[in-house]
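J.: Kindly return the folded structure for what I paste below:
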Amino acid sequence: MKRMAIVFVIALGPALLAQAISLKPGQYEVVSVMAPAGRATGMPPRKDLHCYTPQELDHLSDLMAKKDKGCNVVKSNVAGSALSFVTECSSPDGSKMTITGDVTFASRESYHSVVNMKQTAGPPTPFAQGMTVTTDAKRIGECAK
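T.: Model (predicted):
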């Protein structure tokens, strides 16, 4: 589960990278639902809180550009308040994954994303058949001190 969350952050990184200027710093409630491909329902929703600081939003590109993560954005398109992207990731064990995503920023304080992950090479994992992560995030106030 932790590895899936890391992959999701990597996948969402390009979206936040391209749109960081439009998000208002603060505390966000992030609700994500993961579902295997071909299944109408998935895991129970996961609710997290994340504090987006001005510094994090200003330097998000530096955080996401680390080469040790093994991921490269191969396509990214911004149209108005929407972003679509394709990211390819490789792991030392030979696993490869393609991540496609669509992110819509409804306002400076909320976004909705649908990210699809599919393993394309390597030892079998839960991602071999594909996985979809749907996320809704909204600003709920200032960050806790």
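J.: Show me which positions of the host helix or strand of Val30 end up buried.
T.: In this assignment (DSSP states H and E), Val30 forms part of strand 26-36. Within strand 26-36, the residues scored as buried using 16 or more other Cβ atoms under 10 Å are Gly26, Tyr28, Val30, Ser32, Met34. (C-beta placed from N, C-alpha, C; glycine too.)
J.: Dump the C-alpha coordinates for the one helix or strand Asp102 maps to into CSV.
T.: According to DSSP H and E, Asp102 maps onto strand 96-107. Below are the C-alpha coordinates for strand 96-107, written out as CSV (Å, rounded to 0.1, in the frame of the first residue of the first chain):
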residue,chain,number,x,y,z
LYS,A,96,8.1,-1.0,-15.7
MET,A,97,4.9,0.9,-15.3
THR,A,98,3.0,3.4,-17.4
ILE,A,99,0.9,6.0,-15.5
THR,A,100,-1.6,8.2,-17.2
GLY,A,101,-3.5,10.9,-15.4
ASP,A,102,-6.1,13.7,-15.8
VAL,A,103,-6.2,16.4,-13.2
THR,A,104,-8.8,19.2,-13.0
PHE,A,105,-8.3,22.2,-10.8
ALA,A,106,-11.8,23.3,-10.0
SER,A,107,-10.5,26.3,-8.1
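J.: elements contacting that strand?
T.: With contacts taken as 3 or more Cβ pairs under 8 Å, 6 or more residues apart in numbering; DSSP states H and E, strand 96-107 sits against helix 2-19, strand 82-90, strand 110-121.
J.: Flag every buried residue along the shortest one.
T.: Buried residues in strand 82-90, defined by neighbour count with 16+ other Cβ under 10 Å: Leu83, Ser84, Phe85, Val86, Thr87, Cys89, Ser90.
J.: Check stretch 38-58 too.
T.: Tyr52, Glu56, Leu57.
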